[in-house]
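K.L.:
sequence unavailable; structure follows:
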């Protein structure tokens, strides 16, 4: 059957993990314009699975430190927080700690550039 269509089924089965935790300290101001977020001393980037975890992480971040949510996407698991370098780092440490200790997630090493 030459015209037979092939069908592919893709599944995404996430583990409970923080897959990325990175801090960009003192980014170029142009980056804030490109991202459409308020300018600050640092940008914290997290990717979490399952993706709805970003709702919990966003709440934890704003309660743990003086940071703002730059971007939160519950469909992809992406979270961007902004604030001073120390506040962003504190928020990200709190997110990793809570998810690991209270919800059994695999944490991520927080990297910085």
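P.N.:
Arrived safely. A quick note: this is a predicted structure, and the numbers were derived from the prediction, not measured.

K.L.:
residue 113 is in contact with residue 24, isn't it?
P.N.:
Yes - at 5.8 Å, residue 113 counts as touching residue 24 under the criterion of Cβ atoms under 8 Å. The C-beta positions use only the backbone N, C-alpha and C, and glycine is treated the same way.

K.L.:
could you list everything the spatially most central residue of the chain pairs with in the sheet?
P.N.:
Closest to where the C-alpha atoms of the chain average out (Cα atoms, centre = their mean) is residue 46, at 2.0 Å. Counting by DSSP bridges, residue 46 is bridged to residue 21, residue 79.

K.L.:
mind listing what's buried in the helix or strand of the chain with the lowest mean pLDDT?
P.N.:
Sorting the helices and strands of the chain by mean pLDDT, DSSP states H and E puts helix 29-35 at the bottom, at a mean of 90. Judged by neighbour count using 16 or more other Cβ atoms under 10 Å, the buried positions of helix 29-35 are residue 32.

K.L.:
who touches it?
P.N.:
With contact meaning Cβ atoms under 8 Å, 6 or more residues apart in numbering, helix 29-35 is reached by 24, 38, 39, 40, 43, 70, 71, 80.

K.L.:
so which of these comes closest to residue 52?
P.N.:
residue 71 (15.4 Å; Cβ to Cβ).
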